[in-house]
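Peer 1: Provide a 3D model corresponding to the input given below.
(chains A and B)
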Amino acid sequence: MKKHEFFDRTAWESDKKIRRRTFFSFMAFALAGATGIAGWKWLNRQPRQGGALQPLRKTLETNEEILTSAFSEHRLVKTYPKSAAAKNVRVNSLIGTRQNIDVNTWRLNVKKNNGSTLLFSLEDIKKLPEKDIVFDFKCVEGWSQVQYWSGIPLKDFIVANGLQDETKMKYMGLQTPDQKYYVGLDMPSALHPQTMLCYEMNGQPLTQAHGYPLRLIIPVKYGIKNLKCIGTMYFSNQKPPDYWAERGYDYYAGL
Amino acid sequence: MKRILKKHPLAIRWFHWINFPVLAVMIWSGLLIYWAYDPYTINIAGKEYFHFFPKSFYNTLHIPYHLAEGMSFHFAFAWLFIFNGLLYVSYTIFSGEWRYLLPNKKSFKEAGQVLLHDLHIRKYQLPPNKYNAAQRIAYTAIIIMGIGSVITGLSIYKPVQFGWLCAFCGGYEAARLEHFVLTIGYVLFFIIHIVQVIKTGWQNFQAMITGVEVIPNDRYPNTAIQNNPNEKA
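Peer 2: Coordinates of the predicted model:
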């Protein structure tokens, strides 16, 4: 093995050569620095797409492609005992839930590919076997809270109502009845076994602020995708409009 | 004729200077993200001494209400941070530069002497080598910290897909705190680094740009460095 000593790296050099090298090195350094600054300025001059600078939006989409190739619906979100769930469940946003809902007239509208719309009352939805989930709900802001929700797995709802052809499409879209809040979900995440249509929180019917009468709970996504008060469900091969993705956030928002 | 030391290979100079702005963007965009949920404080015996971060700090740096922007920058520049780091580590391994960088058996004992020397508590002749013991420890620690940032970062970014990594970090909240602490570590490293560079002087600083350092005649007197007749060309 070659002995790496300090002396191996010393040499004698003329002043002229030293000056020359110093000059050219500093020129190259200045040039590289200027290129970096120009690149930064260029990046910040780019048009925005959905609120995010276009090159960054493209990178978010590339990240999504890389990660979805590794996505497995068998990878489950960690669950907790009911005793671990928060009693005081955090409300972060009321967008789309400000309308008073009369559960007797409320219907979940499911738009089929053939143009027809299926209507479901809360009682129709409750006919399927109820399931619970207690998991660490994660907000895009960074906080998280263990919460306890009950309802029916979205996948069970799809199968029970013959919507398998619809779920061959790439995306599912959801909207509040007032259409003020809307999300788009990639189908594998929508059909994840822990994705649920929920009507109870901590064993009680949902409050208006938590999405009465029916909301989405999708533990593989940030809270921004967990739409409260579902009015319409539809299917598409194009990305459905998404409230926060229009405001600079990642469309995928997966965990 | 002057005696010169070929100190920093070109590749290392590139990795170093690319890392500087990339890490700066990572820390800035990280602050934009952290602001949206900023629970960390320094508490001693139940009393809060410092909140990360005071309002004036946020306002001066125009941090508030840029979470989405922060995330888009963070998750793009993370690629540059990771690739640059990987290239640097690979280079040090394959070029043999790791021999100057990794601490060895003597380093931990010597580092104490270097520290006393730097604090002007003790006179100590730094041994003629590329990096002294304290530098070896610092420059290796910063790489381990970098790896830590990637591990804790991935754990926060995809806590379900990288559930095993998140569990290794002690859970989602722990990973976020660790990621934050590591960032504070970079800032402290940066401050000490700058102070040391200023103290050590121009020759040392410019070697990170030109690659070579001119050895003054009065340094290392009567050693082989000043009188090596074989290389006197």
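Peer 1: ranges for the helices of chain B?
Peer 2: Secondary structure of chain B (DSSP state H): helices located at B:10-35, B:55-60, B:67-95, B:98-101, B:107-118, B:133-157, B:163-168, B:172-200, B:202-210.
Peer 1: Compare the ones you listed and give me the one nearest B:Gly46.
Peer 2: Smallest distance to B:Gly46 across the helices of chain B (Cβ to Cβ): 19.0 Å, for helix B:172-200. For the C-beta atoms, the positions are set from N, CA and C on the backbone; glycine is no exception.
Peer 1: and the closest one, is it in reach of chain A?
Peer 2: Yes - among the residues of helix B:172-200, B:172-173, B:176 lie within reach of chain A under Cβ under 8 Å from any Cβ of the partner chain.
Peer 1: which strand in chain A runs the most residues?
Peer 2: Secondary structure of chain A read by DSSP state E shows that its longest strand is strand A:144-153.
Peer 1: Strand partners (parallel or antiparallel) of it?
Peer 2: strand A:131-138 (antiparallel), strand A:196-201 (antiparallel) (DSSP bridges).
Peer 1: Let me know which of the ones you listed is tucked in deepest.
Peer 2: Of all these, strand A:196-201 carries the top mean neighbour count, a mean of 22, counting by mean count of other Cβ atoms under 10 Å in any protein chain shown.
Peer 1: any idea how far that strand is from the chain center?
Peer 2: Centre-to-centre, strand A:196-201 and its host chain are 19 Å apart (Cα atoms, centre = their mean, to the nearest Å).
Peer 1: Can you name the next helix or strand after that strand?
Peer 2: Beyond strand A:196-201 in the direction of the C-terminus, DSSP states H and E gives the next helix or strand as strand A:204-205.
Peer 1: strand partners of that next one, parallel vs antiparallel please.
Peer 2: strand A:196-201 (antiparallel).
Peer 1: Identify the residues contacting the strand it pairs with?
Peer 2: Strand A:196-201 has contacts (Cβ atoms under 8 Å, 6 or more residues apart in numbering or on different chains) with A:89, A:108, A:122, A:125-126, A:130-131, A:133, A:147-154, A:157, A:205-207, A:210-211, A:213-218, A:230.
Peer 1: just the helices in the stretch 51-200 of chain A please.
Peer 2: Ranges of helices in the stretch 51-200 of chain A, per DSSP state H, counting those that start in this stretch, are A:54-68, A:122-126, A:154-160, A:187-190.
Peer 1: Ok, which of those helices comes nearest chain B?
Peer 2: helix A:54-68 (4.0 Å; Cβ to the nearest Cβ).
Peer 1: who does that closest one touch, helix- and strand-wise?
Peer 2: strand A:48-49, helix B:67-95 (3 or more Cβ pairs under 8 Å, 6 or more residues apart in numbering or on different chains; DSSP states H and E).
Peer 1: what comes up buried for it?
Peer 2: Going by neighbour count (16 or more other Cβ atoms under 10 Å in any protein chain shown), the buried part of helix A:54-68 is A:56-57, A:59-60, A:63-64.
Peer 1: again, but for stretch A:233-246
Peer 2: By neighbour count with 16+ other Cβ under 10 Å, stretch A:233-246 contains the buried residues A:233-236, A:239-240, A:242-245.
Peer 1: what residue lies at the spatial centre of chain B?
Peer 2: The structure's chain B has its C-alpha centroid closest to B:Ile142; by Cα atoms, centre = their mean the separation is 4.4 Å.
Peer 1: tally of neighbours for the nearest residue to A:Glu73 once chain neighbours are set aside?
Peer 2: In this structure, A:Glu73 finds its nearest non-sequential neighbour in A:His192, 5.1 Å apart by Cβ to Cβ, 6 or more residues apart in numbering or on different chains. Using other Cβ atoms under 10 Å in any protein chain shown, the number of residues around A:His192 comes to 27.
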